[in-house]
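Peer 1: The following block contains a protein sequence and its predicted model.
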Amino acid sequence: MNSQKTPWDLDVRVRERNLRKGVLDEKDVEKYLKELPDSAANAENVTIPQPAVGNSSGGGPTSSSGA
């Protein structure tokens, strides 16, 4: 594809549709993903209690059935 791609064309929510319609090709997507900056150094771990899944630590579901 020779035309300029916008972030809207490459948005993950519409990317598959744009690939099917020919707005993008796989090379456009690969190039875009390779050019993304690595923001891992800016990441921060967050622990959120999740009582709906049976625990308060956020580590995974627990069983309280006693069986």
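Peer 2: Structure's in. What do you need?
Peer 1: Longest helix of this structure, counting residues only.
Peer 2: For the chain, the helix with the greatest residue count under DSSP state H is helix 26-35.
Peer 1: Tell me which residues of that one come out buried.
Peer 2: Asp28, Val29 (16 or more other Cβ atoms under 10 Å). (Each C-beta comes from the backbone N, C-alpha and C, glycine too.)
Peer 1: Mind checking the pLDDT average for it?
Peer 2: Averaged across helix 26-35, the pLDDT comes to 93.
Peer 1: Quick check: which helices or strands does that helix pack against?
Peer 2: Helix 26-35 sits against helix 7-10, helix 15-21, with contacts defined as 3 or more Cβ pairs under 8 Å, 6 or more residues apart in numbering; DSSP states H and E.
Peer 1: Would you single out the least confident of those?
Peer 2: Across the helices and strands packed on helix 26-35, helix 7-10 has the smallest mean pLDDT, namely a mean of 89.
Peer 1: Now tell me what touches that helix from outside.
Peer 2: Val14, Asn18, Val23, Leu24, Asp28, Val29, Tyr32 (Cβ atoms under 8 Å, 6 or more residues apart in numbering).
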